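*Asks:* got a predicted model here, sequence first, then my questions.
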Amino acid sequence: MTGMGIKLSKARCRALVISCSDFRFVSAQRQARLDLGLNNAYDLIARPGGVRQIVLPTSEAARQTMEEEILLLFELHHFQRILLMNHMTCGMYQDLAGRREEEEVHREHLERAREILAVRFPGLAVETYLSVIEGDGVGVVPLAGGRKLRSAGAK
Ligand SMILES: [Zn+2]
């Protein structure tokens, strides 16, 4: 079978990204990852709610699956950065916060997930980001540990 013209990456894995699955934020978050220097060389765990299954899991099975996947990818690829990317208007946070408190809850969860992963993976940089709605666009805001986004060009 011939490929699609896109080659298998031989790059070194730069990071693990944990984000929500929500399609509305895929383009903006992918661009942010380019702007953050990941150059598409990252592992991605996309689950509804992003870091929620680390901090306040909906079930023990969900918590365990998330933990196993993070550990598996680390053992395979030895990335040095973990990027945690939650977003506003997340369906998985509707039961936790009204619109007014939602940002506060995301900030709290991102910080707690950062602490949990920093203990689990000492020496790794754990960065947190929150995607916010700006007019009809999306902005990705660096929070604790997060780096400034530098435009990597073409969207
Ligand atoms: Zn979401």
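*Replies:* Cool, the structure landed.

*Asks:* would you map the helices across the chain?
*Replies:* Remark: helices assigned in the chain by DSSP state H are 26-35, 52-55, 60-77, 102-120.

*Asks:* winner for burial among the ones you listed?
*Replies:* helix 52-55 (a mean of 23; mean count of other Cβ atoms under 10 Å). C-beta here means a position set from N, CA and C on the backbone, and glycine is covered the same way.

*Asks:* and the longest strand anywhere in the chain, which strands flank it?
*Replies:* If you go by DSSP state E, the chain has its longest strand at strand 125-134. Using DSSP bridges, the strands paired with strand 125-134 are strand 81-87 (parallel), strand 137-142 (antiparallel).

*Asks:* which one, of the helices of the chain, ends up nearest to the ion?
*Replies:* Closest to the ion of these, according to Cβ to the ion: helix 52-55, at 8.6 Å.

*Asks:* who does that closest one touch, helix- and strand-wise?
*Replies:* helix 60-77, helix 102-120 (3 or more Cβ pairs under 8 Å, 6 or more residues apart in numbering; DSSP states H and E).

*Asks:* tabulate the ones you listed (a markdown table), appending distance to Gly50.
*Replies:* A markdown table is the format used below for those (distance: least, Cβ to Cβ, whole Å):
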| stretch | distance to Gly50 |
| --- | --- |
| helix 60-77 | 10 |
| helix 102-120 | 8 |
